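Asker: 3D, please:
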Amino acid sequence: MSQEQFEKNEQSKSELKLLKKIEVSQEHYKADAATVTCIDDRFTDSVEAVKKEMGWDRVDSVKWAGGAAEIAKGSLEGKAALGQIEKSINLHDTKEIVLTMHEDCGACKGVMPEDHKGALGFMQEELEKAGMVVQKFLAEKGKSRPIRLLAYGLDGVYEVDLPQVQ
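Answerer: Numbering: from 1, shown residues only. Below you'll find the model as predicted:
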């Protein structure tokens, strides 16, 4: 790039305006958990309440439409979520992996039953699949971690047991 091109480029840049002054610690942290959740904001308060109840102060969040269902499907988004889980472990020595899904998920429309009991059963199966995918992925990377599976129903949060691999 010539000097003239550089100067023209510099002149065309917009000005940065400080929106709000904040202070963020530069101290490195260890994550209590890495969570894979859906982008649906209706469940944000419930997710935050569970974090507080579990005592998780530092959480690395991975958000995709469909949450852990994408991992169970083996989609491109699910593979990207696995990469983010690995990065969380590498960067923040994450203690636990938390995979979630929620009832009435638009990303699962047409495959998740609309009735409450059916939706819970569907989420249980998908979370178990996702949990086993994450477990295998982490084992292949030599990064074993506890995995927690949570199904957010419209009436409460349900924990799903991860099947034991024989």
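Asker: For stretch 61-73, give the mean pLDDT please.
Answerer: For stretch 61-73, mean pLDDT rounds to 96.
Asker: no wait, stretch 30-47
Answerer: If you average the pLDDT values across stretch 30-47, you get 96.
Asker: tell me how far the ends of it are from each other?
Answerer: 20 Å (Cα to Cα, to the nearest Å).
Asker: Now do the buried residues in it.
Answerer: Residues of stretch 30-47 classed as buried under the neighbour-count rule (16 or more other Cβ atoms under 10 Å) are 31-38, 40, 43, 46-47. Every C-beta, even on glycine, is put in place using the N, C-alpha and C of the backbone.
Asker: For the residues you listed, give me CSV that also has distance to residue 3.
Answerer: Converted to CSV, the buried residues of stretch 30-47 look like this (distance: Cβ to Cβ, whole Å):
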residue, distance to residue 3
31, 46
32, 51
33, 51
34, 47
35, 49
36, 49
37, 49
38, 50
40, 51
43, 54
46, 57
47, 52
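Asker: which ones among those are found in helices?
Answerer: 46-47 (DSSP state H).
Asker: For this structure, just list every one of the helices.
Answerer: Under DSSP H, the chain gives helices at 3-12, 44-54, 69-73, 76-92, 116-141.
Asker: and the longest one with helix 76-92, angle?
Answerer: So the one you mean is helix 116-141. 50 degrees (axes from the mean of the first three to the mean of the last three Cα atoms, to 10 degrees).
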